[in-house]
Structures are given as C-alpha cells and as structure tokens.
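1. Need coordinates for the below:
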Amino acid sequence: MRPRLEVGNWKWSVGISALAIALIGCGGSGSDVATTVGGGGGTSGIPDLFRGLAAVNLDDVPGLAQITFITGAGRDTNTIAGTLQRVSFDDSFGTVATFRPSKSLVLNRYHSQIENLNIPNALGQSTRRFRQFDLSITPLTVTADGITTTFPINFVRTGGVSAPGDSISVPADIRIFPGRHTHIPVFLDDTVIPFEDILDDTGTVTGQRAVFDLDRLEELNLTDENEFTLKSISSDYIAFDISAMAAGDRPLLSDGSTATRVFFSGDGYALGAGNPFAGASQAFEHLIPLGQDDTVIGRYSGPVSSAGATIQTPGTYSLVQANPSLVNPDDRPILTTLQGIWKDHYRQTRGGDGSIRNIGYLRGEVNTVAMSIPSSEDGDRQDVLFLTQTFSVNPDGTRTAQIQSLFWGYLDFETKTIRAYPIRNLPDINTDTNIAGEVVGTITGQFNKSYATTASVQLTQYVQFTMTSPPTGVPASGVIVVLRR
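-> Alright, predicted model coming up:
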C-alpha cells in the first residue's frame, strides 16, 4: 500500500503537478468529424512509412493558460484581500494579457482561484514559450469587525528597498501547446503584500502603506534548483481504458483495487477505478513522477452532454485534502484542491444533429498505436506509449477503443533511445520491479507534420523507431505519433 500525500505538502518542481487546475476551458476540444480510416481520414499523398497511423485529434484553437493563485493559509480572523487587475505573458511574438473585471484574492485564507487566458498560436511555431510573467495587484483591503479599509499598492520592495510601482515582472518558463491546457501556479499569501510604515522627513510614522514584496514572492515560488522561475505544467490528461486487460496486467490503486484507466499528461501520471461513464464519480489517484511512493487521492467523472449538444464536455478529475488552514485535524473539512479535465485517447460521440464526432486525442481506428507526449519543458525526453487495442460499437452507433496491452516509458531524442515497461509497473516504488519487463528501442528518424526530416524536437511530429524485442503485438519497427498540433 502506497502512502498518501496531502497536496498542501507539495513543493513545486518541473514534472510534478502541485496545484489547482481549471475545470473546463476552451482549448483542445478535439471534435473532428468521425472517420474509421487509419491516419484520420485518408492516405492520399502520404508516404508509405506514414500510412495506417492514428492521427492527432487536436483542434486548431489557442492553447489555454490557467493561472492559478494559491493563497493562504493564514489563521487571522481579519480578511486580507488583494485585487487582481491584470496578468500577462511576454515572448518574442508579443504580449498576451487578461482584460476582465478585477478579481479579489483572499491572501490569508486557503483558496485557489483561476484566471483563464487563451494564448493565440504563433505562425510557424508548434508551441509558444514565455520567459516573462507580469502581475498587477491593487488595492489591498483589510476587513476587521465589519469595517473595510483600503490600501493602494503602488510600491514594490526588493532587496529591502521600496520603490514606486503597481505591477511586477518575474522570470518565467511557460510553454503553451495549441489545443491543450497548461497550468501556471502562483503561490501568494499575506506576507507577499505586507504593510510598512510611512515616515516623514523627521522619521515620524505618519501612516501605513501596502507593499508588494517581490523577494517574498520569489521565496514562495522557488524551484527545486533554488532558483526563481515561474513554471508551467500540462494539465489535461489523456486516458486509456485498460478494463479489458487481465487484472494481473493492470496497476493497482493504493487500496489494492485494480485500475480500470491510466492517465498521462506528459508531466504526470494517474490511475482511475470503475467506469466513469456509469454516472457516479470514481476513485482517482495522482502519482508523483520521479518517486512514485506518494499518492494524492481524488475522484473523476465522465463527460457530460447537454440537451441538443453536438459534442460532449471533457471528463473531469479532482483531488481532495483536509483544509490545512485549521489547526485541529478533527475540525478540518475536506476541500477540493486540484481539478482538471481528461479525455479518452479514442472515443466517439453522437450529437443532437445525428453526426458522429471524434472527441478523443487520437482519431483513426488502428489496432496498434505508438504515441509520445511532450512535457511542459518540450525537451529531449517525452513519455511514450505502445498499445494494442480493439474497437466496439455502442448502441447509438458510436465506437470506442479497448486496450488489450499497454507499455509506457520514455524516448530520449538526445541519446536516440526508447525504454518502455508493462503498464502494471507504473505505480511500483521498487526500482527493480518498476523496470521489470523493459523493452528497448532506437530512434532512427524524426519528421515534421509535412513528413520531411527534421532535427528539431519541437517540430517533430513523427518518430521512426526499431526494437530488438518489442512488446507483444507491436512491430519491431514503425512510427510513433507525437501528441502536438
């Protein structure tokens, strides 16, 4: 049995999702009209090497950035709130900013509040990478005994010195993928916007003012390398229905039950129990990568269709913990601390107009699939999955996929290596058993979306590979489809 970890104890680092994620957004609807042809709808003009592949089903829509402000957890009876005015990202293609009514952030209470921002695609770019994050919060309000006092925030303190200013700019490394969801966590509390005395020329205190303490903000948001760079994480999960696999070939949840779904985002893994399409929510467990001895418990539910809708909303997941703002554990209510979306790797839905549409991350009914998922760093290493599957017809004429075998692992563009393991190993904390059954392969080619060779990881959408001992049902050579628009 694996130990369970409270979300409040997490420390942010790349590859570990530590914070709240928005429930539903605009990006990544994946609603192409259904087709049952390999390669997503025809093979005319496709080189032989790429015929019969599953195709990525990501819409040509902006990526969704979800800036989550994690506040608290103070225990002061007063309420201290900052007023969020604007957030923006800057890259070489320009500035993308929110323009909306101001939002109140209660700094001394345990909350997570989300600011959604659609990020337009940049011409010729597979992703956008933002290296600067700008934030404006003013004024600060303090409510005590029913009386509210307002303090403008027009000073920023860094290195112990306060200077005029009502906004801050911090270094960032935020990657936005078209058609997908990206989460940007920002830790804030009342120590980030403290009060300082206002002195006259004689040194006499004449009042107080609120100051944005940039040093404290950096301290709360340090990376594991002890450097301050605001990071992002991919927050939408790709789900794989493994309920048709033998129980002994599937991973176990922390309570010893057998998982029916596994989830990958490129930055994290999760396990799910039961059937989320049966109506009731089911057990969901997020596994922390690079040390899967900790598990965060939650629930997940299936997609929902409104009356007459032509597409479904994605499924949703949430993680819960006891409210850390209360000292006595017995008094702590259970709070939802992380939320996000998921979609099956392949699934169809029938709309109110009778049309059948693909709503999964892939389209094209192919019995053997190899796919990789970039991380939020979009670097040399990506998650990779090798699967075999069959398809069934639902009563309404739509079709779904059932996984028969699944290997997970990673590919490395720098070393040109591929390593994959049986999916039952996924949550195992023992190194020896975690890599039992390893298969090894070699990257022999990289191709862009026009099927031309490329050396760029960010432009690679197809990866040619060979294996000496591939998983059962997987060919010794073939092509991996990269999950990017």
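2. Angles on the backbone of Leu217, please.
-> Per-residue torsions, Leu217: phi -60, psi -40 (degrees, to the nearest 10).
3. what's the helix or strand for the closest residue to it other than its chain neighbours?
-> Leaving aside its sequence neighbours, Leu217 sits nearest to Val192 (Cβ to Cβ, 6 or more residues apart in numbering; 5.0 Å). All C-beta atoms are positioned from the backbone trio N, CA, C, and that covers glycine. For Val192, there is no host helix or strand (DSSP states H and E).
4. I'd like the distance from Val192 to Asp201, if you could.
-> With distances taken as Cβ to Cβ, to the nearest Å, Val192 is found 29 Å from Asp201.
5. Show me where the stretch 201-350 of the chain dips below the pLDDT cut-off.
-> For the stretch 201-350 of the chain, applying pLDDT under 70 flags the ranges 223-226, 288-295, 305-312, 320-338.
6. residues contacting Pro378?
-> Let me fix one detail, which is that residue 378 is Asp and not Pro. Asp378 is in contact with 127, 129, 175, 177, 457-458, counting by Cβ atoms under 8 Å, 6 or more residues apart in numbering.
7. again with Thr444
-> Neighbours of Thr444 in contact, by Cβ under 8 Å, 6+ apart: 416, 464-466, 477.
8. 7 Å instead, please
-> Thr444 makes contact with 464-466, according to Cβ atoms under 7 Å, 6 or more residues apart in numbering.
9. In terms of pLDDT, where does it sit?
-> The model reports Thr444 with a pLDDT of 98.
10. in a strand, that's where it is, yeah?
-> Yes - assignment of Thr444 by DSSP: H, G, I helix; E, B strand; the rest coil places it within a strand.
11. any idea how far Thr95 is from it?
-> Where Thr95 is concerned, Thr444 sits at a distance of 41 Å (Cβ to Cβ).
12. name the helices or strands packed onto the longest strand belonging to the chain?
-> Here the longest strand in the chain is taken by residue count, with DSSP state E as the criterion, and it is strand 128-144. Applying 3 or more Cβ pairs under 7 Å, 6 or more residues apart in numbering; DSSP states H and E, we find strand 128-144 packed against strand 79-91, strand 147-151, strand 153-158, strand 168-176.
13. export the ones you listed to CSV and tack on distance to Leu411?
-> Output for the helices and strands packed on strand 128-144, formatted as CSV (distance: least, Cβ to Cβ, whole Å):
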stretch, distance to Leu411
strand 79-91, 27
strand 147-151, 53
strand 153-158, 42
strand 168-176, 18
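14. Include distance to Gly397, mean pLDDT and mean neighbour count when you put those into TSV, please.
-> What follows is those, written out as TSV (distance: least, Cβ to Cβ, whole Å; pLDDT from 0 to 100; neighbours: other Cβ atoms under 10 Å):
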stretch	distance to Gly397	mean pLDDT	mean neighbour count
strand 79-91	43	91	20
strand 147-151	58	92	12
strand 153-158	58	92	18
strand 168-176	36	91	19
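15. bridging residues for Ala172?
-> Partner residues in beta bridges with Ala172, using DSSP bridges, are Leu230.
16. okay, now Ile67: neighbour count?
-> Residues lying near Ile67 (other Cβ atoms under 10 Å) number 24.
17. one step back: what are the pairing partners of the longest strand of the chain, and which direction each?
-> In the sheet, strand 128-144 lines up with strand 79-91 (antiparallel), strand 147-151 (antiparallel), strand 168-176 (antiparallel) (DSSP bridges).
18. In CSV: those strands, plus distance to Asn275.
-> Shown next, in CSV, are these (distance: least, Cβ to Cβ, whole Å):
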stretch, distance to Asn275
strand 79-91, 39
strand 147-151, 49
strand 168-176, 33
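19. who wins for proximity to Thr390 among those?
-> Among the strands paired with strand 128-144, strand 168-176 comes nearest to Thr390, with 35.0 Å by Cβ to Cβ.
20. State the distance from the most centrally placed residue in the chain to Gly473.
-> By Cα atoms, centre = their mean, the chain has its centre lying nearest to Ser235, at 1.3 Å. From Ser235 across to Gly473, the span is 31 Å (Cβ to Cβ).
21. nearest residue to Met371 other than its sequence neighbours?
-> Sequence neighbours aside, Val481 is the residue nearest to Met371 in space, at 4.9 Å (criterion: Cβ to Cβ, 6+ apart).
22. So Ser162 is in contact with Ile153, correct?
-> No - using Cβ atoms under 7 Å as the test, Ser162 is too far from Ile153 to be in contact (11.1 Å).
23. how about the strands of the stretch 1-150 of the chain, start to end?
-> Listed in chain order, the strands of the stretch 1-150 of the chain (DSSP state E, counting those that start in this stretch) span residues 55-56, 63-71, 79-91, 94-97, 103-106, 111-119, 128-144, 147-151.
24. and Asn358, which of those strands is closest to it?
-> strand 55-56 (9.4 Å).
25. Could you name the helices and strands sitting against that closest one?
-> Short answer (3+ Cβ pairs under 7 Å, 6+ apart): strand 55-56 packs on strand 362-363.
26. So what's the residue count around Val262?
-> 25.
27. Pairing partners for it in the sheet, please.
-> Phe240, Leu271.
28. from memory it sits against Ile423, does it?
-> Yes - using Cβ under 7 Å, Val262 makes contact with Ile423 at a distance of 6.1 Å.
29. Between those two, which contacts overlap?
-> If you check Val262 and Ile423 against Cβ under 7 Å, 6+ apart, the residues they both contact are 242, 251.
30. quick one on the thing from earlier: out of Val192 and Asp201, which sits in the busier spot?
-> Per other Cβ under 10 Å, whichever of Val192 and Asp201 has more neighbours is Val192, with 23 against 5.
31. Can you name the residues that contact that one?
-> Per Cβ under 7 Å, 6+ apart, neighbours of Val192: 213, 216-217, 220.
32. same question, Pro139
-> Pro139 touches 83, 150-153, counting by Cβ under 7 Å, 6+ apart.
33. Skipping its backbone neighbours, what lies nearest it in space?
-> Excluding its sequence neighbours, the residue lying closest to Pro139 (Cβ to Cβ, 6+ apart) is Pro152, at 4.6 Å.
34. what about Asn358, neighbour count?
-> 26.
35. per-residue confidence at it?
-> For Asn358, pLDDT reads 89.
36. can you check the one 3 residues further on too?
-> According to the model's per-residue confidence, Tyr361 sits at a pLDDT of 95.
37. Next: Asp189.
-> For Asp189, pLDDT reads 88.
38. residues in contact with the closest residue to it other than its chain neighbours?
-> Using Cβ to Cβ, 6+ apart and skipping the chain neighbours, the partner closest in space to Asp189 is Leu107 (5.4 Å). Going by Cβ under 7 Å, 6+ apart, Leu107 touches 71, 80-82, 188-190, 193.
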